[in-house]
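# The sequence and its predicted three-dimensional model are supplied below.
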Amino acid sequence: MIAEIIAATLKIVLVLGVVSLVVAYLTYLERKIIGHIQMRLGPMRVGWHGLLQPIADGLKLFLKEDIIPSRADKIVFVIAPIMVLVPAFVVYSVLPFGPNFYITQVNVGLFLVLAVSSLGVFGIVMAGWASNSKYSLLGALRGAAQMLSYEIFLGFALIGPLMLAGSLNLQNIVQAQSDVWFVFYQPLAFIVFFIAALAETNRVPFDLPEAETELVAGFHTEYSGMKFAFFFLAEYANIMAVSTVGIAVFFGGWKGIPGIPLPGLVWYLLKLGAIIFVFIWIRATLPRYRYDQLMRIGWKFMFPLVIANIFLTGLVKLLFL
């Protein structure tokens, strides 16, 4: 019993430590990739080719003065960043990184991921309200409507693969793709899932809750220091989490291409890097949608598509499988 507790604790510390470090360097990777796409060099000053830039940014945020606006609701203002960060890290408790590398395994793992990740919207609404700023409140209202809407499409996009796997356990879903990845059976579901993931993580072209040209910085306009860093960490942790879910459900998790003998963790990292690169590539390429366009795309196009995909998957499964 004690040995199991120690092993679980070590896994938690390892996963949280690695995720925090990777999240820090995702900001460096994003600035470098966007810089080269725009024919710039990106960070170059701190360390060789700017490799120490994330550490310098972290120290700056840690030492920066923590300001709370005089008319803010102080208790809610302090709690809001924690409400955003904690769910972003809790979902890693059930995400599979390899055949034997996960913190815990539960039969409703995917349902747990969707349930816990949806709690982050409470922190966004709390931050916008507690700041007592019109820009923050508008950003929070946008974020709440956007995340609640696209959470529905993201969840519905996963129903097709779940019908094929017959399980909510993420390890079982990966094992069900031993022969063929589900993305080949469910290409429409993956497209809807990826678009919904962009909106869920407030990424371009759906970064309306943080639209700098309209709302300064959106729901976290009034935040500084480590409270701002919590929002930043949560955003990139959510990107990694939703990418891991996409890998497990659509791309066979740690399973690789037959004939290429690589460890499962290496396959997972390669797939994760590819999906995150697409996230960054889209940010450097596409303009921001208007808010009415965002909602129209979701409810008039994506929602009917995922409903049709569920119906067709059920029909094919009933007639041929």
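Cool, got the structure. Nothing here was measured: the structure is a model prediction, and the numbers come from that model. Residues are numbered from 1 along each chain as shown.

# Go through this protein and flag its longest helix.
For the chain, the helix that runs over the most residues, judged by DSSP state H, is helix 2-37.

# on contacts alone, who are the packing partners of that one?
For helix 2-37, the packing partners by 3 or more Cβ pairs under 8 Å, 6 or more residues apart in numbering; DSSP states H and E come out as helix 53-63, helix 225-250, helix 264-285. Using the backbone N, CA and C atoms, a C-beta is placed for each residue, glycine as well.

# tell me the angle of it relative to helix 264-285?
Relative orientation of helix 2-37 versus helix 264-285 (axes from the mean of the first three to the mean of the last three Cα atoms, to 10 degrees): 40 degrees.

# Which positions in helix 2-37 come out as buried?
15, 19, 22-24, 26-35 (16 or more other Cβ atoms under 10 Å).

# OK, contacts around the nearest residue to Tyr291 once chain neighbours are set aside?
Distance criterion Cβ to Cβ, 6 or more residues apart in numbering; nearest residue to Tyr291, sequence neighbours excluded, is Leu208 at 5.5 Å. Residues near Leu208 by Cβ atoms under 8 Å, 6 or more residues apart in numbering: Arg142, Gln146, Asn202, Arg288, Tyr289, Tyr291, Leu294.

# Restricted to helices, list those residues.
Those of these lying in helices (DSSP H): Arg142, Gln146, Tyr291, Leu294.

# Verify the contact between the first one and Asp292 for me.
The one in question is Arg142. No. Counting by Cβ atoms under 8 Å, Arg142 does not reach Asp292; the two are 11.5 Å apart.

# Of the two, which one has the most company?
Arg142 (25 against 8; other Cβ atoms under 10 Å).

# what's the burial count for Pro263?
Residues within reach of Pro263, counting by other Cβ under 10 Å, total 13.

# Name the nearest residue to it, sequence neighbours excluded.
Distance criterion Cβ to Cβ, 6+ apart; nearest residue to Pro263, sequence neighbours excluded, is Gly98 at 7.5 Å.
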